[in-house]
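# Mind folding the following:
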Amino acid sequence: MYNIELKNITLETAQTSVLQTVENICDQFRMENHFGTISTALHEMLSLIERFSDDAEAPFNVNFFVEAEKVSVQVLNYRQWEEVQRALETCSVNDADATAFTAKTLLDNVEFRDKGIWMEIAASATEDQPDRAQILHTETVKTIVEQEMRKNS
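Coordinates of the predicted model:
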């Protein structure tokens, strides 16, 4: 497991810091296919946190835990976590503001413990993608060889 900590960030810098960290995690751990889900889920959660915050300059921590099959994110030292919990528990698809519902839908697990928010997203490394140029080259060579064999027979 790898742990990446963002300490004493504020709501003014949180969106950028978290997005950069997600991008680095996805690149470093070959989770490019999960970038959209992870970044959108965390963007929506931070938007929810911003909505209930009474102080945009109050520092809090965001910890990322990267494992083979999931990325977990922990938000600590955020004072209004109860409001976020209530919003996630009562949200529905029919809400005019879909922020809570979107976050809840994209996250595989959300828990509120130790006066913090714990989120999990299933994500694993991308399998090696085939080299399309090599495949096309191999198919071309195979076709030429087959044509030569037909000529010679």
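# Show the contacting residues for the most centrally placed residue in the chain.
Centrality entry for the chain: nearest residue to the mean C-alpha point is I38, 1.5 Å, by Cα atoms, centre = their mean. Shown in contact with I38 (Cβ atoms under 8 Å, 6 or more residues apart in numbering): 22, 25-26, 31, 71, 121, 123. The C-beta positions use only the backbone N, C-alpha and C, and glycine is treated the same way.
# quick one: buried residues of stretch 66-83?
In terms of neighbour count (16 or more other Cβ atoms under 10 Å), stretch 66-83 has its buried residues at 66, 70-76, 78, 80-81.
# where along the chain do the helices fall?
11-28, 35-52, 81-90, 99-106, 132-152 (DSSP state H).
# ok, now how distant is the residue nearest to the centre of the chain from N61?
Taking Cβ to Cβ, to the nearest Å as the criterion, I38 is separated from N61 by 18 Å.
# now F52
For F52, the distance to N61 - Cβ to Cβ - is 17 Å.
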